[in-house]
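A.B. asks: Give me the fold of what follows.
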Amino acid sequence: MEDDDDRRSLQVVNSLYCHEEPLLVSSTPTPPPPPAAAADDDDTTTSRSSSCSCSCSSTSVLPPPHQPPEIVVGGDHHQEKRQRQLLAAEEEEAAVRYMVARQGCYAPSRGCYLHHLLSSAGGHGGVAAARSMGVHYIIYVINKLGLAASTAFNAVNYLDRFLSINCHLQRWDESWMVELVSVACLSVACKLDEVNIPSLHHLQMEEVLGHSFRSATVRDMELTLLKALQWRLACVTPFSFLHYLIIPPPSSASAARCTRLLLRSLAEPSLLLRFDPSVIAASAIRCCVGLHHHHQQDYSSSSDAISRLLLLIRPADCPTVGKHA
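C.D. replies: Here you go, the predicted structure:
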């Protein structure tokens with residue numbers, strides 16, 4: 001009986017391994033194959049693998065992973081630093097070109113809106129008074145709560161775009177309507193830019209608002225605003241270019257001076273509507289350089305880099321923003 005069982009087991013093993021040689025258990029490990037095989041060995045291996053339809057291998061030799069070539073600087077740290085500066089300059093130019101190309105997508109309608117602003121500039125109502133009230137409220141809350149400057153620029157951009165769409169309405173003489181739109185613009189801008197978003201209760205300050213609105217009312221106005229703006233909120237403002245035109249961080253004195261000039265320009269609707277944001281940003285930087293020569297070391301050590309960036313945004317058309325500020 002035992003002989004019959006051994007024969008059956010041998011037949012099963014032979015059928016499973018496709019007539020391969022029986023496995024041999026050895027106490028000594030088999031030495032690994034040589035790293036480079038000869039041509040005749042390759043032919044033998046190919047013929048063996050083709051003669052068996054279901055071949056199994058207990059060991060496999062994988063080639064070493066591909067190693068990238070080592071970069072040897074050769075001790076020339078100045079050349080490496082120069083290459084990095086050139087690469088950073090190319091990236092900045094590409095970013096500026098991209099923003100210049102898309103800044104028109106976030107601009108308010110200039111024709112009819114500018115006409116309404118100029119025609120009602122001397123009166124006590126109309127679109128001009130509504131915009132002035134809204135910008136004053138936005139700047140006041142930004143200073144009181146210590147919000148980011150980008151929040152102010154985005155909020156004013158939303159306000160201008162919404163007013164330009166609805167400048168033909170006669171309801172802008174009603175202060176509550178202007179205040180509601182202004183609160184909605186600032187609330188949406190805070191949700192886009194701020195890390196710690198202030199509540200609607202903190203945004204509605206009694207010092208500058210004559211009305212208080214419920215949260216549901218403000219949210220309904222936010223939805224109306226978003227639909228009017230077609231949900232395009234990541235707008236390009238003059239403040240968007242300061243990071244690329246000024247090398248120091250935003251906390252530096254140079255960037256702070258340019259930011260103050262640009263914040264003052266928000267109160268001039270004709271300036272924002274007649275010139276592109278890139279042109280206004282370049283103008284503010286030129287004014288800072290012209291009025292504060294002794295602070296020029298705050299800017300990039302390479303004046304050629306700044307000049308090249310300014311050439312991308314047509315500095316010849318720049319107005320004199322804050323020249324007498």
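
A.B. asks: From residue 91, how far off is residue 254?
C.D. replies: 21 Å (Cβ to Cβ, to the nearest Å). For every residue, glycine as well, the C-beta is placed using N, CA and C.

A.B. asks: same check, this time on residue 221
C.D. replies: 39 Å.

A.B. asks: Compare these two (neighbour count), which wins?
C.D. replies: Neighbour tally, residue 221 and residue 91, criterion other Cβ atoms under 10 Å: the higher count belongs to residue 221, 21 against 11.

A.B. asks: Quick check: buried residues in stretch 184-201?
C.D. replies: 184, 185, 186, 187, 188, 189, 190, 192, 193, 198, 200 (16 or more other Cβ atoms under 10 Å).

A.B. asks: got a pLDDT number for the closest residue to the fifth one other than its chain neighbours?
C.D. replies: This points to residue 188. Of all residues not flanking residue 188 in the chain, residue 222 sits nearest, at 5.6 Å (Cβ to Cβ, 6 or more residues apart in numbering). Predicted confidence (pLDDT) for residue 222: 94.

A.B. asks: Residue 222 sits in which helix or strand?
C.D. replies: Using DSSP states H and E, residue 222 maps to helix 215-228.

A.B. asks: following that helix, which helix or strand shows up next?
C.D. replies: According to DSSP H and E, the helix or strand after helix 215-228 is helix 242-245.

A.B. asks: could you dump that following helix to CSV, C-alpha only?
C.D. replies: C-alpha atoms of helix 242-245 as CSV (Å, rounded to 0.1, in the frame of the first residue of the first chain):
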residue,chain,number,x,y,z
LEU,A,242,3.7,93.2,-4.6
HIS,A,243,5.0,89.7,-3.7
TYR,A,244,6.7,89.5,-7.1
LEU,A,245,7.9,93.1,-7.5
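
A.B. asks: which other helices and strands contact the helix or strand following that helix?
C.D. replies: Counting by DSSP H and E, the next helix or strand C-terminal to helix 242-245 is helix 253-265. If contacts are counted by 3 or more Cβ pairs under 8 Å, 6 or more residues apart in numbering; DSSP states H and E, helix 253-265 sits against helix 149-165, helix 242-245, helix 277-291.
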